[in-house]
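1. Sequence and predicted structure below; questions after.
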Amino acid sequence: MTRLFVGNLPFTTTQEQLAEIFAAAGTVSSATVITDRATGRSRGFGFVEMSTAEEATKAVADLNGHEIDGRQIVVSQAREREERN
């Protein structure tokens, strides 16, 4: 599985909508919209896991710059989380 970062999401985007958009590029293993712990409101970004590296590459090529509700999303390979102190 390959994990993708999706930025500049409209705050109204749901996990279901995110999965539906990325399904056009291949099999979506999971789609997560990151929310604020205190308010529960979307933070405007999320992660999508595609089942193969080829599908992930296709998703980046097809969907980077794609417009959702007037906002151009940013799609790239997710980086490993850095350890925090």
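-> Alright, I've got the coordinates.

2. and residue 82, which of the three is it?
-> Classification of residue 82 into helix, strand or coil gives coil, according to DSSP: H, G, I helix; E, B strand; the rest coil.

3. Residue 47 too?
-> Quick answer, by three-state DSSP: residue 47 is strand.

4. and it, what is it in contact with?
-> By C-beta atoms under 8 Å, 6 or more residues apart in numbering, residue 47 lies in contact with 3-6, 30-32, 34, 78. Bear in mind the C-beta positions are built from the backbone N, C-alpha and C, glycine included.

5. can you give me the helices in this structure?
-> Taking DSSP state H as the criterion, the chain carries its helices at 15-22, 53-63.

6. Dump those helices into JSON lines; add mean neighbour count, mean pLDDT and distance to residue 82 as well.
-> Conversion of those to JSON lines gives the following (neighbours: other C-beta atoms under 10 Å; pLDDT from 0 to 100; distance: least, C-beta to C-beta, whole Å):
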{"stretch": "helix 15-22", "mean neighbour count": "17", "mean pLDDT": "96", "distance to residue 82": "24"}
{"stretch": "helix 53-63", "mean neighbour count": "17", "mean pLDDT": "96", "distance to residue 82": "21"}
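
7. Reformat those helices as a markdown table; add distance to residue 45.
-> As requested, these are arranged in a markdown table below (distance: least, C-beta to C-beta, whole Å):
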| stretch | distance to residue 45 |
| --- | --- |
| helix 15-22 | 10 |
| helix 53-63 | 14 |
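
8. To residue 44, which of the ones you listed lies closest?
-> helix 15-22 (12.0 Å; C-beta to C-beta).

9. Which other helices and strands does the closest one contact?
-> Counting contacts by 3 or more C-beta pairs under 8 Å, 6 or more residues apart in numbering; DSSP states H and E, helix 15-22 is packed against strand 28-35, strand 42-50, helix 53-63.
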